[in-house]
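K.L.:
Fold the following, please.
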Amino acid sequence: MQGKLSDAADLIYQAAEATDPASVDIIAEVQRVAGKVLARAGKAGAAAVCFERSARILGAVGNICARDAALRDFDAAVADRKRITTERAAAAPGVLHRAAAVLDLASHPELAGREMLELLRETGCVRRARLVAGGRKSDVLADMASPAQAPDEQRADEVRMALGIRRERSIELIAEPKRDLESRLSLLAARGLLKAALSLEEHRRNEREQAALWPSETTSETPEGVFASQQMAELLSTSRKIAATNLTVLITGETGSGKEVLARAIHRASSRGSHAFLPFNCTSVPRDMLDAQLFGYRRGAFTDAHTDFPGVIRSAAGGTLFLDEIAELGHDVQPKLLRFLETGEIHPLGEARPIHVDIRVIAATNAKLEHLVSAGTFREDLFYRLNVIRFQVPPLRERREEIPLLVDRFLRQFSEEFHKTGLRVAEETIEFLLLYSWPGNVRQLANEIRRMTALAENGAVLTPEHLSNELAASRRTVPSADRSTPPSEVVVRLDQPLGAAVEHVERALVRFALDASGGRLDPAAKALGISRKGLYLKRQRLGLDPPAARLAAV
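P.N.:
Numbering: from 1, shown residues only. The predicted model follows:
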């Protein structure tokens, strides 16, 4: 039994350690389970503290059903509540646990204040303390008087400790300290603990807000390229998971968006990373020569076959073959590629027997293969054989946060290529680059930086005057009637109150996420970076119906 209790304590400790300080529901559940374990171990006083804390937290956040369940657990685990009340001070976990609770609950002023009251009670450093909610009408949320105080002791000045704002009301702890030095020092330490807890919570809140605006934790730069946006970071993470396998990968996306960059990252993370990565563009040779170019031939196989030619596939043996523009394969080559993907064997022209080749194939295209299959220009069985693992690389205009990092990377690369030193890009130039639509994606950006670097003098600051005419003209003023914004962008007027602008953007983001997910809350909440409950509440506040409801009303 003792071993099982130890295991339970370990699990509770791990759960509490992994809990987000803002997740008060989980904190309450950890306290409830800890209370059950402590009660089972015969430590009724400590169990009572945990049960009461769990019930207090759940009641404060409005989870009445869970609060009542915690109180029922209390009654089931502890038979004599009066005895527990008298023993609690001696058996309670002590000031260390109270201090930890203040740190954990600093984001909830009322809960943190109640823990501070209990902390002051246990230290015995105050005559009286009360938790007050201010506003139009001040309310006493909790009141505590120390049982161990001399009736003739002189009353000291009140000490006020602000805990924060809760539901538009300021929460404050007011304490009447005892006069002796030890009590004063204990109260001073308690005030320091509260100040540290509030400062830590402010730092956490700032970090969360900063991460929401600029999610730097997703930034990853590899030798192949930059993966700074959330979409690209997720692509890189998933690609690394499947890199160790030999599965065929299909990468789709617009021209110049970085499909080969992702393919090289997969190759580098795989066990084939030390072998060849061979890119081959299916449009680089005439269609009637694709068969010979891919699968090779023997000398004398046809009129101009004067020597043996191994072909592209055999040249990549042991490594990775990257087939770009796979949609351009002709009907005569598609069956041979399908057989190779299924069996690993090729049959070069002039060879009597098939040859086995060990390579991994990564294919890429900017075309919609599903449409080509429907049109009959691309084999359905080959499509399904290629489409084992599929990655969609977003265009650069949908991951603009990567542009400053890409500019820095390309500037370093081309400065070294052209032997230029001391070049830097002005902030105004970065603004031009951020707002441009980039129809040519990353390749166009790289070419723009290459041209600017080649023409610049050593030590120059690259200003908007260095930009190409096309980019420089992109910042001209356009009448609102002539503007056309893509579905993923929104225009906000600057001559309106901040609250109205924020609501306009929030409404557009929520509606776009719901439309993109077909009204399903889970994927929409994930795309917005909020919880399902948070999305539900935003929908109610903004008066937004799911797409199905809006269509039904038309």
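
K.L.:
What mean pLDDT does whatever helix or strand T238 lives in get?
P.N.:
Using DSSP states H and E, T238 sits within helix 230-243. Averaging pLDDT along helix 230-243 gives 89.

K.L.:
distance between that helix and the chain's centre?
P.N.:
Between the centre of helix 230-243 and the centre of its chain there are 13 Å (C-alpha atoms, centre = their mean, to the nearest Å).

K.L.:
Just the CA atoms of it, as CSV, please.
P.N.:
C-alpha atoms of helix 230-243 as CSV (Å, rounded to 0.1, in the frame of the first residue of the first chain):
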residue,chain,number,x,y,z
GLN,A,230,3.7,28.5,-37.9
GLN,A,231,2.7,26.7,-41.1
MET,A,232,6.3,26.2,-42.2
ALA,A,233,7.5,25.1,-38.8
GLU,A,234,4.7,22.5,-38.7
LEU,A,235,5.7,21.3,-42.2
LEU,A,236,9.4,21.0,-41.0
SER,A,237,8.4,19.1,-37.8
THR,A,238,6.2,16.6,-39.7
SER,A,239,8.7,16.2,-42.5
ARG,A,240,11.4,15.2,-39.9
LYS,A,241,9.1,12.6,-38.5
ILE,A,242,8.7,10.8,-41.8
ALA,A,243,12.3,11.4,-43.0
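
K.L.:
buried stuff in it?
P.N.:
Q231, M232, A233, L235, L236, S239, I242, A243 (16 or more other C-beta atoms under 10 Å). C-beta: built from backbone N, CA, C; applies to glycine.

K.L.:
Same question for stretch 445-464.
P.N.:
L445, A446, E448, I449, R450, M452, T453, A456, A460, L462.

K.L.:
got the contact list for that stretch?
P.N.:
Applying C-beta atoms under 8 Å, 6 or more residues apart in numbering, the contact partners of stretch 445-464 are 396, 403, 406-407, 410-411, 414-415, 417-418, 420-426, 428-429, 432-433, 438, 440, 466-468, 471-472, 475.

K.L.:
Quick one, which of these are buried?
P.N.:
396, 403, 406-407, 410-411, 414-415, 420, 423, 425, 429, 432-433, 438, 440, 466-467, 471.

K.L.:
Wait, T429 touches L471, no?
P.N.:
No. The criterion here is C-beta atoms under 8 Å, and T429 misses it with L471 at 9.3 Å.

K.L.:
what's the burial count for R67?
P.N.:
R67 sits with 20 neighbouring residues when counted by other C-beta atoms under 10 Å.

K.L.:
so who does it touch?
P.N.:
Contacts of R67 (C-beta under 8 Å, 6+ apart): S54, A55, L58, G59.

K.L.:
So which of these is the closest to L323?
P.N.:
L58 (57.9 Å; C-beta to C-beta).

K.L.:
Apart from its chain neighbours, what residue comes closest to the closest one?
P.N.:
Leaving aside its sequence neighbours, L58 sits nearest to R67 (C-beta to C-beta, 6 or more residues apart in numbering; 3.9 Å).

K.L.:
give me the element the one you found is part of.
P.N.:
For R67, the enclosing helix or strand under DSSP H and E is helix 64-77.

K.L.:
can you give me the offset of that helix from its chain's centre?
P.N.:
Remark: helix 64-77 is offset 36 Å from the chain centroid, using C-alpha atoms, centre = their mean.

K.L.:
oh, and call the first residue 590 from now on, that's how I've got it
P.N.:
Done: numbering now begins at 590, and the last item shifts to helix 653-666.

K.L.:
Just the ones of the buried ones among the contacts of stretch 1034-1053 in helices?
P.N.:
I992, L995, V996, F999, L1000, F1003, S1004, T1018, F1021, L1022, L1060 (DSSP state H).

K.L.:
And the helix ranked longest in the chain, what does it pack against?
P.N.:
Identified as the longest helix of the chain according to DSSP H is helix 770-802. Applying 3 or more C-beta pairs under 8 Å, 6 or more residues apart in numbering; DSSP states H and E, we find helix 770-802 packed against helix 684-693, helix 698-712, strand 748-755, strand 758-766.
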